Each structure stands twice: as structure tokens, then as C-alpha cells.
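**Student:** Let me see the structure of the following:
(one chain, ligands or ions: 2)
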Amino acid sequence: MSATDPTSDAIETLRPANTVTVLTGAGMSAESGVPTFRNVQTGLWAKYDPMTLATPEAWEDDPALVWAWYQRRRAMLTAVEPNAGHQALATWAQFADVRLVTQNVDDLHERAGSSDVIHVHGSLFACRCDTCGREHDAEVSDPEGDRLPPPQCECGGHVRPGVVWFGEMLPQNAFTEATARAEACDVFILVGTSGVVYPAAGLPHIARGAGATIIEINPDETDLSDACDITIRSTAAVALPGLVD
Ligand code: BV8
Ligand code: ZN
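**Tutor:** Numbers count the residues shown, from 1 in each chain. Ligands and ions are numbered 1, 2, ... in the order given. Predicted structure coming up:
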């Protein structure tokens, strides 16, 4: 390994790899203009803590506040585009065995052309009834204020966001598949995640335990940096196209 250039080390490591698994976090979408989860609160939402809003308790307590927040985040996504990092991953998967797992609830990987994306924390665009579980379409109109009563289901329940809240179990099949992708890869790449949210942040440890080389792409140090073999202190939209020759 060269002492100086982690990108060349990463390219050397990737050259012989048969299978690559990539885990993306909120930093993956930052260069598309989507604030990371910790910075998602701007304007009238600045007074609310995302960690409090993204919980079943908040939904129980004030569904109109939580529904307006997700409406706002859905509306923000209609105004942005996938970035060069999303596009690089979509291109790469066309000629190599590159498997994608994301913690993100946005649709930017899919809009860049990636298929078969495992969303371990669900999706902003998958809504369901909080009582009977029936799927419902997601509206994308931007709410005026910080309250919007959620639509009602035919069964009388309320339509909730199809995301995983803190304290909720991850979708069993998604996490099982994500774990399988961590166990089956030669190289595991972490892009734009602070590595603080479990069980998703445990995936690189699983990959390491199965013998994979771990690469981190993040401008900042994270809770997972020490477990990585190569750390590229750069951003998703700059570093990823450089790995996909
Ligand atoms: C669970 C959907 C089992 C919602 C999200 C008490 C009770 C229950 C559970 C717990 C508990 N205490 C702890 C837990 C576990 C908890 C957890 O991990 N908490 C943490 C905070 C300590 N986990 C859970 O609750 C999970 N479920 O454990 O179930 C259970 C059940 C009951 C009881 C016990 C156990 C569910 C977790 C899923 C939460 N839902 N999202 C929504 O979006 O509204 S997670 C949410 O936060 C995001 O989706 C995202 O995944 C995560 C934030 O992480 P990041 O993606 O890393 O984003 P972040 O902003 O943190 O970092 C961005 C990074 O990008 C930074 O490092 C930055 O440097 C970098 N960056 C910035 N720009 C760029 C960049 N990188 C590259 N390029 C750039 N341009
Ligand atoms: Zn229902």
C-alpha cells in the first residue's frame, strides 16, 4: 500500500475484486443538495430535532407534524438531481458485480439508473397505512407550514411514511439481504455515513469478519474509520468516479 495515495490503493484493491458491496449514507446525496440527516432541519424546521421526529412516539403524539416533515422532505427531493457519485455507481454495476445497500430514504440511486438497491431504512416514496399496512401513494406537494394531517386509509387508519423510525425493526428481508451482501463481497465501500446508526453500521464489521477489504469515502473521520483499511478523505461525487475507470 502506498503511504500517500489512498485512491491508488483503492483502485489496486478493486482491480482483482470479484464482488463489491457499497453501503451509502446521507453524505452520498449531499452534493445533490440534500442535507444530511443531522443537518436536514432548515427554516421553520430548524427548531425540531430529526432524531425526535423520526420515531413512533412522535407519530403517536403529533401525526400532522411528522407527516408535514416527510412531505417537506419528499418535495425537496423533486427539486434535486442525482450527482456524479450516484451515476458512477450505476455505471459501475453495468460491467462489474457491484451491489448497493443504502441507509438513505431518497430515490437518487434509482434515478441515476441503479436497480436492485437495498433500502435498509425504507423509502420516503413508500407510504403505508399505520393500521392495516395497505400501501398508499406518496403525495409530493410542499406543505405550507409544519402541520399537515396525514391522509386516511379506507380502514380508518392513517397513512404513515414507509421509513424505519428509531426504535423500529428494520425490514427483515432488506436487512437479511444487506447482511448477505456484506458477507459475500471482496471489497466493502462505505460512502457518506457517520456510522452511528445500528444495525446498519454493523455491516462493515460483518464484511471485515468475512475477509473483505474495507474502504471509506468521507471528507470527515467517522465512528467506522478505525475499522477501515483504506480511507479516502474526499466526497462521493469526486471520489467515486475516480474509482470507476
Ligand atoms: C433498531 C429513516 C432494533 C428515517 C433512519 C433505543 C431504543 C431502540 C433502539 C435504539 C436505542 N438506542 C440505540 C438504538 C439503536 C438505534 C440507533 O442506532 N441509534 C443511534 C442514533 C445510537 N437504531 C434503531 O433504532 C434502528 N432500529 O435498532 O431496531 C430495536 C428495536 C426496538 C428496541 C431496541 C432495538 C432503526 C434505525 C433507523 C433510523 N432511521 N432513517 C428518516 O430518514 O426520517 S436513520 C437516519 O439516520 C438516516 O436514514 C441515516 O441512515 C442516519 C444518519 O446516518 P448517516 O446516513 O450516516 O447520516 P449522517 O448525517 O449521520 O452522516 C452523514 C455523513 O456523510 C457524515 O459522516 C459526513 O461527514 C458525510 N458527508 C457529508 N457530505 C459528504 C459526506 N460523505 C461523502 N460525500 C459528501 N459530499
Ligand atoms: Zn388501513
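**Student:** make it CA atoms for all contacts and neighbour counts henceforth
**Tutor:** OK.
**Student:** Okay, and the closest residue to residue 241 other than its chain neighbours sits in which element?
**Tutor:** Residue nearest to residue 241 in three dimensions, not counting chain neighbours: residue 88, with 5.2 Å by C-alpha to C-alpha, 6 or more residues apart in numbering. Applying DSSP states H and E as the criterion places residue 88 in helix 84-95.
**Student:** Mind giving me the packing neighbours of that helix?
**Tutor:** Other helices and strands packing on helix 84-95, by 3 or more C-alpha pairs under 8 Å, 6 or more residues apart in numbering; DSSP states H and E, are strand 97-102, helix 108-111, helix 236-243.
**Student:** List the buried residues in the first one.
**Tutor:** Neighbour counts over strand 97-102 (16 or more other C-alpha atoms under 10 Å) mark 98, 99, 100, 101, 102 as buried.
**Student:** same deal with the last one?
**Tutor:** Burial within helix 236-243, assessed by neighbour count using 16+ other C-alpha under 10 Å, is assigned to 236, 237, 239, 240, 241, 243.
**Student:** That helix and ligand 1, are they touching?
**Tutor:** Yes - counting by C-alpha under 6 Å from any ligand atom, contacts between helix 236-243 and ligand 1 involve residue 236.
**Student:** again, but for stretch 213-226
**Tutor:** Yes - judged by C-alpha under 6 Å from any ligand atom, stretch 213-226 comes into contact with ligand 1 at 218, 219, 220, 222.
**Student:** tell me the SS of the residue nearest to the spatial centre of the chain?
**Tutor:** With distances taken as C-alpha atoms, centre = their mean, residue 104 lies nearest the centre of the chain, 2.1 Å away. Following DSSP: H, G, I helix; E, B strand; the rest coil, residue 104 is assigned to coil.
**Student:** re earlier: please convert the buried residues of strand 97-102 to JSON lines, extending it with distance to ligand 1.
**Tutor:** Formatted as JSON lines, the buried residues of strand 97-102 follow (distance: C-alpha to the nearest ligand atom, whole Å):
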{"residue": "98", "distance to ligand 1": "18"}
{"residue": "99", "distance to ligand 1": "18"}
{"residue": "100", "distance to ligand 1": "14"}
{"residue": "101", "distance to ligand 1": "11"}
{"residue": "102", "distance to ligand 1": "8"}
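**Student:** What lies in contact with the helix of greatest length in the chain?
**Tutor:** Longest among the helix segments of the chain by residue count, using DSSP state H, is helix 63-77. For helix 63-77, contacts defined as C-alpha atoms under 8 Å, 6 or more residues apart in numbering pick out 34, 45, 53-54, 58-59, 106, 124-125, 139-143, 145-150, 160-161.
**Student:** wait, is residue 17 part of a helix?
**Tutor:** No - counting by three-state DSSP, residue 17 falls outside a helix, being coil.
**Student:** Determine the number of other residues adjacent to the residue lying closest to it once chain neighbours are set aside.
**Tutor:** Of all residues not flanking residue 17 in the chain, residue 186 sits nearest, at 5.7 Å (C-alpha to C-alpha, 6+ apart). By other C-alpha atoms under 10 Å, 21 other residues sit near residue 186.
**Student:** which residues in the chain form strands?
**Tutor:** Taking DSSP state E to define them, one finds strands in the chain at 19-24, 97-102, 118-119, 122-129, 135-136, 159-163, 187-191, 213-217, 230-232.
**Student:** The third one near ligand 1 anywhere?
**Tutor:** This means strand 118-119. No - if you take C-alpha under 6 Å from any ligand atom as the test, strand 118-119 misses ligand 1, and the best it gets is 9.4 Å.
**Student:** For residue 182, which residues are in contact?
**Tutor:** Taking C-alpha under 8 Å, 6+ apart as the criterion, residue 182 is in contact with 21, 188, 203, 204, 206, 207, 210.
**Student:** Please consider this matter closed, and thank you.
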